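In: 3D model of this:
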Amino acid sequence: MVVTDAQSEGATPAQTMSRVLQELRDEGVVIFDGRGRYRLAESSAAEPDAQSAIRTQREELRLARVGQGRFRNGLEARWGAKCPLTQIADRQLLRASHIVAWGACTDEAERLNPENGLLLSALWDAAFDEGLVSFGDDGVALARRGISPLAVDALKASGGDRIDGLSAGNRERLAMHRHWCTSGIWPTA
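Out: Okay, the predicted model is just below:
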C-alpha cells in the first residue's frame, strides 16, 4: 500500500517508508516524537482518514507557504542575510530554520514569527532540524549525544560554533528545542 500510495519505490520497503514518513512530517501530517515514534499532528487528528489528513495539510501548507517568504525575509533582515555561525551569505545555501518545528507550533502566527527562527547554512540547518544540535542561551552549539565526532567536526569546520545576538524570544524557543532534542517530545507549554 505504501509503495502504491507513494507512487514510487525505494530500494527497500524500509527506504520507501522512511521517505514517505519524512514527506508526511514535512507536510505537518505527522510529528516525530523521537526514538522511532510518530504521532498524528493535532491539526490532522479530526480528519476521518490519512488521505483526508494529507489533503487538508497540503492545502494548509500551500496557503502557508505564501507567508513563508515573509518569514525568510524577516530572518534575513534579523541576521543580516547571513548565517550567524558560518557567515555564509549565499542565499541558495541558507535556510529559514524554525526553532520550534512547524508542526509543533500552536498557531500560524508562531510559524511565521521571526523570533521562532534562525537563518542557518544548509549543514547547520540539517543538524538543527533533526535535533542533532541545539544552542544554549549563550548561543553556544550543543551536540546531542549520538551525533558522530566526524559530523561535529564538519559542523565546526564550516564556521563558528556560537550564535551571537540571540533575542529573549529566541532563547525561550531554544529551551523548547533543547527539551525536544533530549526527550524527543515537544513541550506543550
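In: Can you point out the buried residues in whichever helix or strand Thr182 is part of?
Out: For Thr182, the host element (DSSP states H and E) is helix 168-183. For helix 168-183, a neighbour-count test (16 or more other Cβ atoms under 10 Å) marks 170-171, 173-174, 176-178, 180-181 as buried. To be clear about C-beta, it is placed using only N, CA and C from the backbone, and glycine gets the same treatment.
In: Contact partners for the residue most central in space within the chain?
Out: The centroid of the chain falls nearest to Asp129 when counting by Cα atoms, centre = their mean (3.8 Å). By Cβ atoms under 8 Å, 6 or more residues apart in numbering, Asp129 lies in contact with 97, 101.
In: Against Gln51, how distant is it?
Out: 26 Å (Cβ to Cβ, to the nearest Å).
In: Repeat that for Phe128.
Out: 32 Å.
In: just for the protein, where's the confidence low?
Out: With pLDDT under 70 as the threshold, the chain has low-confidence stretches at 1-11, 26-29, 33-36, 40-50, 53-67, 188-189.
In: the strands in it, which residues?
Out: 30-34, 37-40, 94-98, 117-121, 133-135, 141-143 (DSSP state E).
In: As a markdown table, those strands with distance to Ala14 and mean neighbour count would be great.
Out: Formatted as a markdown table, these follow (distance: least, Cβ to Cβ, whole Å; neighbours: other Cβ atoms under 10 Å):
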| stretch | distance to Ala14 | mean neighbour count |
| --- | --- | --- |
| strand 30-34 | 16 | 19 |
| strand 37-40 | 14 | 13 |
| strand 94-98 | 27 | 21 |
| strand 117-121 | 29 | 25 |
| strand 133-135 | 26 | 23 |
| strand 141-143 | 27 | 17 |
